[in-house]
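A.B. asks: no sequence on this one, just coordinates:
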């Protein structure tokens with residue numbers, strides 16, 4: 001039972017997670033690169049990024065990985081444990097764009113679910129992949 005007395009159910013294959021919209025700011029890109037100790041100039045120096053063929057700085061994969069993890073744990077709760085994250089980058093995330101994360105549960109086996117995740121921005125799919133998550137007890141009741 002949920003806290004309001006209604007029956008709850010665990011996730012089922014085909015369930016869609018609500019979207020998460022993430023504004024892509026220069027601060028987010030730089031802070032994520034610093035936090036993950038990725039000091040490549042393309043993640044913090046717009047002039048050098050342009051010299052290397054990019055229109056601006058762009059987000060690193062570790063920041064994207066963290067945002068995907070946040071998306072899953074925000075949905076399933078603080079007791080959820082990420083068991084496997086397999087992602088692939090596509091279109092870069094540049095400052096001023098917005099990334100919208102969406103997810104679909106593709107498998108459920110006991111207390112484990114697999115979620116297909118897509119993060120799209122104005123250029124296309126920034127990230128695609130799957131996350132295997134161990135669910136807290138109440139999520140599968």
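C.D. replies: Structure's in. What do you need? Please read these numbers as outputs of a predicted model, since none were measured by experiment. Numbering: from 1, shown residues only.

A.B. asks: What pLDDT is listed against the spatially most central residue of the chain?
C.D. replies: For the chain, the residue lying nearest the average C-alpha position, counting by CA atoms, centre = their mean, turns out to be residue 68 (1.6 Å). Per-residue confidence at residue 68 stands at 98 (pLDDT).

A.B. asks: Contact partners for it?
C.D. replies: For residue 68, the residues meeting the contact criterion (CB atoms under 8 Å, 6 or more residues apart in numbering) are 85, 87, 101, 117, 119, 127, 129, 131. In short, each C-beta sits where N, CA and C put it, glycine included.

A.B. asks: if we go to 6 Å?
C.D. replies: With contact set as CB atoms under 6 Å, 6 or more residues apart in numbering, residue 68 has these partners: residue 117.

A.B. asks: Spell out the secondary structure type for it.
C.D. replies: Going by DSSP: H, G, I helix; E, B strand; the rest coil, the secondary structure assigned to residue 68 is helix.

A.B. asks: Now do it against residue 81, distance only.
C.D. replies: Distance of residue 68 to residue 81, computed by CB to CB, to the nearest Å: 15 Å.

A.B. asks: what's around residue 106, how many residues?
C.D. replies: Applying other CB atoms under 10 Å, we find 13 other residues in the vicinity of residue 106.

A.B. asks: For it, give me the backbone phi and psi.
C.D. replies: Phi and psi for residue 106, reported as degrees, to the nearest 10, are phi -100, psi -30.
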